[in-house]
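Asks: Structure for the following, please:
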Amino acid sequence: ADNFLNLLRQASFNGLIAFGMTCVILSDGIDLSVGSTYALSAIICAEMLVNGVNPVAAVIVSLILGVALGVVSGVLVTIGRLQPFIATLITMTAYRGLAKIITNAMPISRLADSCESEGGAFFFKTLGKGNLEFGPADNPWFAIPIPVIIFVLALVIFYFILTKTTFGRRIYATGSNAKCAKLVGVNVTKTKISVYAISGFMSALAGIMMISRLDSAQPTMGSGFELDAIAAVALGGTSMNGGRGRIWGTFVGVLIIAVLNNGLNILGISSYWQDVIKGIVILVAVLSDRKR
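Replies: Got it, this is the predicted structure:
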């Protein structure tokens, strides 16, 4: 049970990004900028913390920034009429460059110590390292990591949005056939911008939780996270052509990727070969989807 909770904690960061990616892919798009959005939002949060800004305010501003960064990608795709791959490749490169410019390519550390109040430090540290404990305070029976709780809560929220709301129906309709969706009254432009905004928000949330866990932020953090997120979505059965897929499938895909990463590390396989194996996994998932 302890090992499984630890695995879930590790999976939660990629899982939050993958949930946002699911919405984008369901709308027949793709977001390559999630790793850079993750890094830039986390860097801004870290910069505010070391400059004495209240942790709650720093987190809120960073989340709003994540939404804004996602909106930029959405606007490039819709109003700019760029291919999602090209638009998000541009934002991926630009956001990563901004993260390096802001930090001068240097890490920012001792974030919790920068919080002026004990309550602020406790709030910040809880996001990534906290646990919800059950039982006596001195000897709890078991504890659930806060990132796992946020991960599961996000799963429930996304499940409700995609299956029980009009907005969720519009995402599926847009990804299935945008022209038909527009003819029946769906605001396709607004829907696509919204899913990129959601993706940016989830990436920012994951980034904030990660710097809370590590107590430091680096401009290179999140590199390659778009690969893991896309792999989780593809493994979960979501069609890369949009319009078909379930958030539960993404949840399972995230766990598969987490177990795969953990297993390859335990086996001592080189990180270079791990990327090759992940690429093969994505290829198999996409080819099986095309066959269906």
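Asks: my guess is residue 143 is in a helix, correct?
Replies: No. Counting by DSSP: H, G, I helix; E, B strand; the rest coil, residue 143 is located in no helix; its state is strand.
Asks: Hmm, it is touching residue 132, no?
Replies: Yes. Residue 143 is within contact range of residue 132, at 6.5 Å (criterion: Cβ atoms under 8 Å). C-beta here means a position set from N, CA and C on the backbone, and glycine is covered the same way.
Asks: which regions of this structure lie under the pLDDT threshold?
Replies: 137, 292 (pLDDT under 70).
Asks: where exactly do the strands run in it?
Replies: 108-109, 131-134, 142-145, 216-217 (DSSP state E).
Asks: tell me the most buried of those?
Replies: Mean neighbour count, computed with mean count of other Cβ atoms under 10 Å, is highest for strand 216-217 among the strands of the chain, reaching a mean of 22.
Asks: List the strands paired with it, with their directions.
Replies: strand 108-109 (antiparallel) (DSSP bridges).
Asks: May I have stretch 251-266 as PDB, with CA atoms only?
Replies: The C-alpha coordinates for stretch 251-266 follow below in PDB (Å, rounded to 0.1, in the frame of the first residue of the first chain):
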ATOM      1  CA  PHE A 251      -6.000   7.900 -15.600                       C
ATOM      2  CA  VAL A 252      -5.100   4.300 -16.500                       C
ATOM      3  CA  GLY A 253      -2.600   5.500 -19.100                       C
ATOM      4  CA  VAL A 254      -0.900   7.700 -16.500                       C
ATOM      5  CA  LEU A 255      -0.500   4.700 -14.100                       C
ATOM      6  CA  ILE A 256       0.900   2.600 -16.900                       C
ATOM      7  CA  ILE A 257       3.500   5.300 -17.700                       C
ATOM      8  CA  ALA A 258       4.300   5.700 -14.000                       C
ATOM      9  CA  VAL A 259       4.900   1.900 -13.600                       C
ATOM     10  CA  LEU A 260       6.900   1.900 -16.900                       C
ATOM     11  CA  ASN A 261       9.200   4.700 -15.700                       C
ATOM     12  CA  ASN A 262       9.600   3.200 -12.300                       C
ATOM     13  CA  GLY A 263      10.200  -0.300 -13.700                       C
ATOM     14  CA  LEU A 264      12.800   0.900 -16.200                       C
ATOM     15  CA  ASN A 265      14.600   2.800 -13.500                       C
ATOM     16  CA  ILE A 266      14.700  -0.200 -11.200                       C
END
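Asks: List of residues touching that stretch?
Replies: Residues from elsewhere that reach stretch 251-266, judged by Cβ atoms under 8 Å, 6 or more residues apart in numbering: 7-8, 10-11, 14-15, 18, 155, 228, 231-237, 273-274, 277-278, 281.
Asks: what about stretch 206-223, start to end distance?
Replies: For stretch 206-223, the first-to-last residue distance is 13 Å (Cα to Cα, to the nearest Å).
Asks: Measure how buried the nearest residue to residue 146 once chain neighbours are set aside is and give me the count.
Replies: Of all residues not flanking residue 146 in the chain, residue 130 sits nearest, at 4.0 Å (Cβ to Cβ, 6 or more residues apart in numbering). Residue crowding around residue 130 was assessed by other Cβ atoms under 10 Å; the count is 19.
Asks: what about residue 179, how many residues close to it?
Replies: 7.
Asks: which parts of stretch 45-62 are buried?
Replies: By neighbour count on 16 or more other Cβ atoms under 10 Å, the buried set for stretch 45-62 is 45-50, 53-55, 58-59, 61-62.
Asks: And stretch 166-176, by the same measure?
Replies: Neighbour-count burial for stretch 166-176, counted by 16+ other Cβ under 10 Å, picks out 168, 170-176.
Asks: Go through the residues you listed and name the one nearest residue 267.
Replies: Relative to residue 267, the closest of the buried residues of stretch 166-176 is residue 175; by Cβ to Cβ it sits at 37.2 Å.
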